[in-house]
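> with the sequence up front, the predicted model follows.
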Amino acid sequence: MPPDHQPSHDHDHGHDHSHSTFPSSVQGTRPLRIGIGGPVGSGKTALTAALCRLLANELSMVVVTNDIFTTEDAEALRRMAVLPDNRIVPVETGACPHTAIRDDISANLDAVERLEALHAPVDLTLIESGGDNLTAIFSRALVDRQIFVIDVAGGDKVPRKGGPGVTTADLLVINKTDLAPLVNADLSVMDRDAKIRRGDLPICFTSLVQPAGASAVAEWVRAQIAAWTS
């Protein structure tokens, strides 16, 4: 396991990260929009809730969640009272979640724009995808930054499998490090393989069952907002 769980990006394997440049036409003129994706059960809702708890006192935030036929994730966030209920809006995708965050973003974009207008000024909008596979990345027309969440319970082979979510997301979160001894997962192997796949893009190891489990991710978000508003 890395000595700490801070995002690491001190390695360069020649990847082109020009896609991460903020569009000059919108930078700073609206809230920063961050998408949170990943497979079912990886901890997307837990991460969204943790970020709300850590950042809501300093930032104006809204959240859009995606589920296929339910509003379960939005209801879970409301039960946890991480934000006022009217700052959390669900989208029922009606199909695989990636279709609504990548292929036809209209439902999400409408929900995002309505929320941002209702609660203006907003600093940060989080868009949580429904659980999908390693290819479930967001359209860059919908979000400015992407966090992709995988978990240790799937085994230390997951980063090695790659896929657009693992290889191209602006931040890769490897969650549930507390389970590593129970599933015989080697965190150093996950770290090595993720770095090979991601080049100099950052990686963060988390255990969201811990009170400060998302602190490093929150610091990364603060840095993105600082860059966005500068």
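Now that the structure is in, tell me what you want to look at. Numbers count the residues shown, from 1 in each chain.
> who are the packing partners of the longest helix belonging to the chain?
Ranked by residue count under DSSP state H, the longest helix found in the chain is helix 215-229. Packing partners of helix 215-229 (3 or more CB pairs under 8 Å, 6 or more residues apart in numbering; DSSP states H and E): strand 32-37, helix 44-55, strand 171-175, strand 203-205. Every residue, glycine included, has its C-beta placed from N, CA and C.
> restricting to C-alpha, output the third one in PDB.
Extracted in PDB, the C-alpha atoms of strand 171-175 (Å, rounded to 0.1, in the frame of the first residue of the first chain):
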ATOM      1  CA  LEU A 171      -8.800  11.000 -10.700                       C
ATOM      2  CA  LEU A 172      -8.900   7.300 -10.000                       C
ATOM      3  CA  VAL A 173     -10.200   6.400  -6.600                       C
ATOM      4  CA  ILE A 174      -9.400   2.900  -5.300                       C
ATOM      5  CA  ASN A 175     -11.800   2.400  -2.500                       C
END
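> tell me which residues in that strand are buried?
The neighbour-count check on strand 171-175 (16 or more other CB atoms under 10 Å) flags 171, 172, 173, 174, 175 as buried.
> low-confidence ranges, the chain, go.
1-26, 28 (pLDDT under 70).
> quick one: the strands in it, in order.
Assigned by DSSP state E, the strands in the chain fall at 32-37, 61-67, 88-92, 124-128, 145-151, 171-175, 203-205.
> take those and lay them out in a markdown table including distance to residue 224.
Formatted as a markdown table, the strands of the chain follow (distance: least, CB to CB, whole Å):
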| stretch | distance to residue 224 |
| --- | --- |
| strand 32-37 | 6 |
| strand 61-67 | 13 |
| strand 88-92 | 21 |
| strand 124-128 | 9 |
| strand 145-151 | 5 |
| strand 171-175 | 9 |
| strand 203-205 | 13 |
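> residue 181: which of the helices and strands packed on helix 215-229 is closest?
Across the helices and strands packed on helix 215-229, residue 181 has its closest neighbour in strand 203-205 (14.3 Å, CB to CB).
> against which helices or strands is the closest one packed?
strand 171-175, helix 187-198, helix 215-229.
> deepest in the core, which of the ones you listed is it.
Among those, strand 171-175 has the highest mean neighbour count (mean count of other CB atoms under 10 Å), at a mean of 27.
> what does it contact?
7, 38, 42-43, 46-47, 145-152, 159, 166, 187, 190-191, 194, 198, 201-208, 217, 220 (CB atoms under 8 Å, 6 or more residues apart in numbering).
> name the nearest residue to residue 34, ignoring sequence neighbours.
Once flanking residues are discounted, residue 34 sits nearest to residue 145: 4.6 Å by CB to CB, 6 or more residues apart in numbering.
> so what's that neighbour up against?
Residue 145 makes contact with 20, 32, 33, 34, 35, 170, 171, 224, according to CB under 8 Å, 6+ apart.
> out of these, which comes closest to residue 179?
residue 171 (20.5 Å).
> run a quick neighbour tally on the residue nearest to the closest one when sequence neighbours are not counted.
Closest residue to residue 171 apart from its sequence neighbours, by CB to CB, 6+ apart: residue 147 at 4.8 Å. Using other CB atoms under 10 Å, residue 147 has 28 neighbouring residues.
> one step back: so which of the strands of the chain is nearest residue 136?
strand 32-37 (4.8 Å).
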